[in-house]
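Here is the input, now give the coordinates:
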Amino acid sequence: MIYSELLFFLGVLPVSVLLSFFDRSAEYKNLILILTSVVFLSWGKPLYVLLIFSTVIAEYALGLGISALRKKSSPAAAALLLADLLMNAGVFLLYAHNYIFPDSSKLHLGASLIPIGAGYYTAKGFSYAFDVYTGKCRAEKNIFCLMTYMVSFHFLMAGPVVRYGDTEPYIRKRSIGGKALSDGLSRLVFGLGKIVILAQAFHRISVSGLEGREASVIGSWLGMAAFLAECWFSFTGLCDMAKGLGLMNGFDYEENYRDISFGELMTGYLKSANTTLVKLFSDVLGRAPGSGNAFIAGAGALIGCVLIALWYHISRMYLLVGLALGALLLLERLFLSKLLGKLPAALKAVYVLLFSHIILGGLYFDSFSDHKHWVGTLFGRGAAGLMTDSFGKTLLANIWLVAAAFICACAPVRKALGGLLARAGKSSSQAYTAVSVIKTVFTAALLVVCVITLAAEAA
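Numbers count the residues shown, from 1 in each chain. Predicted coordinates:
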């Protein structure tokens with residue numbers, strides 16, 4: 001089950017939120033959240049809920065063990081941390097990259113947890129043990145509090161990798177007010193709109209530009225830009241939905257993405273997505289000996305890029321993309337950031353967009369030869385002209401959605417429009433009411449369009 005399924009949106013979510021109002025105690029709210037999360041996680045293969053609970057019990061025991069040994073015997077505590085890492089890696093490979101059994105086998109776990117969800121589940125589990133080991137949080141003695149942290153469904157689709165120390169206050173005591181519900185629902189709907197409407201528009205453009213019989217120069221450039229935009233809006237849409245779900249369940253935690261900027265070159269561009277996972281990798285690799293050295297830090301970034309690429313998908317192309325990105329980050333650490341740091345913002349943007357196209361474009365293709373052929377078409381080699389009629393028609397058919405996506409993704413434009421609405425609402429009580437009504441009507445209309453679209457796709 002995923003966030004954009006009607007069964008979740010019209011079933012699990014409202015049941016979870018409504019039942020949580022029957023009692024004000026955090027213990028009751030945690031129980032409801034655990035039960036609905038188990039349904040969400042194990043939908044279709046309920047027997048594997050036993051594996052979920054077994055990992056929670058293992059995390060609980062390892063956390064207590066690490067806490068007890070951390071000051072008495074650092075090597076023993078490190079050994080338990082390594083055991084936790086191996087356990088989570090094993091669970092992740094079993095759920096997300098299970099090549100042991102064929103897809104048709106009843107023992108295949110692919111439908112139990114989707115790959116990215118399994119990744120966030122195990123990353124969050126390891127982050128708890130790591131923070132106990134480093135002293136950033138205490139070992140939890142109440143296993144039900146730890147279970148709430150581990151299985152809560154609003155953390156799992158696209159993060160964030162919330163650290164236990166930041167979440168514990170909400171687990172032990174939280175309330176859900178009208179403002180939190182309103183803000184959470186708005187964030188949830190806008191995230192759903194990114195996935196159902198904007199990402200799908202970019203998908204149509206990317207398919208037209210990259211998979212047509214005749215590849216054109218403009219189609220190759222804009223088709224790949226559309227593919228990257230599809231990935232961005234799908235991911236940030238899930239993050240927005242997760243944030244909204246958290247608010248609706250009484251949690252407030254950090255964002256898992258930030259506005260794209262080109263000031264830090266490719267390093268900053270890559271940090272704009274999956275910020276909490278990148279921070280976890282940085283914290284772990286930052287404890288390595290000599291991590292203050294520029295070369296060692298760059299080598300750590302290279303290792304992190306490879307691991308994150310394989311974290312999403314184990315394949316040759318993902319490995320090559322991870323290596324290429326990591327090598328570029330290493331070069332930026334060593335000298336490129338100083339060399340290019342004084343360039344105008346426009347030239348930095350060209351640098352980032354060019355390398356993001358060429359390197360991240362490898363994620364679209366199954367083989368290096370296909371990727372090589374596409375790179376050639378970018379510069380006219382083997383291309384069927386500047387732009388084909390079919391691609392032009394597809395682009396024009398989705399141009400208004402592209403404009404809306406630009407407003408959403410371009411921080412200065414988005415903030416300027418938001419500022420205009422805020423100032424208009426403060427001018428008078430009538431204006432405030434009008435702005436509130438417009439926002440509510442727009443959110444409701446977006447929700448209706450998304451539900452109708454999802455229902456049509458399901459049918």
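
residues contacting Asn398?
201-202, 204-205 (C-beta atoms under 8 Å, 6 or more residues apart in numbering). C-betas here are computed from N, CA, C, even on glycine.

same thing with Val449?
193, 196-197.

And it, how far from Phe227?
24 Å (C-beta to C-beta, to the nearest Å).

hang on, the earlier thing: among the contacts of Val449, show me the least confident.
Within those, Val196 has the lowest pLDDT, namely 88.

ok, the closest residue to it other than its chain neighbours to Arg423 distance?
Nearest-residue entry for Val196: Cys450, 4.6 Å, with adjacent residues in sequence omitted and distances by C-beta to C-beta, 6 or more residues apart in numbering. Counting by C-beta to C-beta, the separation of Cys450 from Arg423 is 29 Å.

packing partners for the longest helix along the chain?
In the chain, ranked by residue count with DSSP state H as the criterion, the top helix is helix 217-248. Helix 217-248 sits against helix 13-19, helix 178-193, helix 199-210, helix 345-360, helix 368-378, helix 389-397, helix 399-409, with contacts defined as 3 or more C-beta pairs under 8 Å, 6 or more residues apart in numbering; DSSP states H and E.

Name the next helix or strand following it along the chain.
helix 265-271 (DSSP states H and E).

Put the alpha carbons of that following helix into CSV.
Taking Å, rounded to 0.1, in the frame of the first residue of the first chain, the C-alpha atoms of helix 265-271 are listed here in CSV:
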residue,chain,number,x,y,z
LEU,A,265,27.3,23.5,-7.1
MET,A,266,26.4,19.8,-7.4
THR,A,267,27.1,19.2,-3.7
GLY,A,268,24.2,21.5,-2.8
TYR,A,269,22.0,20.3,-5.6
LEU,A,270,22.2,16.7,-4.4
LYS,A,271,21.7,17.8,-0.8
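
quick one: the next helix or strand after it to chain centroid distance?
Sequence-wise, the next helix or strand downstream of helix 265-271 (DSSP H and E) is helix 275-285. Distance of helix 275-285 from its chain centroid, counting by C-alpha atoms, centre = their mean, to the nearest Å, is 14 Å.

and the angle from helix 275-285 to helix 217-248?
90 degrees (axes from the mean of the first three to the mean of the last three C-alpha atoms, to 10 degrees).

same for the helix or strand that comes right after helix 275-285, what does it pack against?
Next along the chain after helix 275-285, taking DSSP H and E as the criterion, comes helix 294-312. Here helix 294-312 touches helix 115-134, helix 275-285, helix 316-331, going by 3+ C-beta pairs under 8 Å, 6+ apart.

Trp221 contacts Leu354, doesn't it?
No: under the criterion of C-beta atoms under 8 Å, Trp221 makes no contact with Leu354, lying 10.3 Å away.

between these two, who's got more neighbours?
Taking neighbours as other C-beta atoms under 10 Å, Trp221 and Leu354 compare with Trp221 leading, 17 against 11.

Excluding chain neighbours, what is closest to the more buried one?
Trp221 sits nearest to Leu378 (C-beta to C-beta, 6+ apart), 6.0 Å away.

burial measure for the one you found, as a count.
Leu378: 18 neighbours (other C-beta under 10 Å).

Out of the contacts of Val449, grab the one that's most surrounded.
With neighbours defined as other C-beta under 10 Å, the most crowded of those is Gly193; it has 24 neighbours.

Can you tell me which of the helices and strands packed on helix 217-248 is nearest to Leu146?
helix 13-19 (19.4 Å; C-beta to C-beta).

I'd like the mean pLDDT over whatever helix or strand comes next after the closest one, please.
Once the chain leaves helix 13-19, the next helix or strand it forms, by DSSP H and E, is helix 26-42. Summarised as a single mean, pLDDT over helix 26-42 is 80.

May I have helix 26-42 exported as PDB, CA atoms only?
The C-alpha trace of helix 26-42 is given here as PDB (Å, rounded to 0.1, in the frame of the first residue of the first chain):
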ATOM      1  CA  ALA A  26      -0.600   9.600  24.200                       C
ATOM      2  CA  GLU A  27      -0.600   5.800  24.900                       C
ATOM      3  CA  TYR A  28      -4.000   5.400  23.200                       C
ATOM      4  CA  LYS A  29      -2.900   7.500  20.200                       C
ATOM      5  CA  ASN A  30       0.300   5.400  19.900                       C
ATOM      6  CA  LEU A  31      -1.800   2.200  20.000                       C
ATOM      7  CA  ILE A  32      -4.100   3.500  17.100                       C
ATOM      8  CA  LEU A  33      -1.000   4.600  15.200                       C
ATOM      9  CA  ILE A  34       0.700   1.200  15.600                       C
ATOM     10  CA  LEU A  35      -2.400  -0.800  14.500                       C
ATOM     11  CA  THR A  36      -3.100   1.300  11.400                       C
ATOM     12  CA  SER A  37       0.600   1.400  10.500                       C
ATOM     13  CA  VAL A  38       0.800  -2.400  10.700                       C
ATOM     14  CA  VAL A  39      -2.200  -2.600   8.300                       C
ATOM     15  CA  PHE A  40      -0.400  -0.100   6.000                       C
ATOM     16  CA  LEU A  41       2.900  -2.000   6.100                       C
ATOM     17  CA  SER A  42       1.700  -5.600   5.800                       C
END
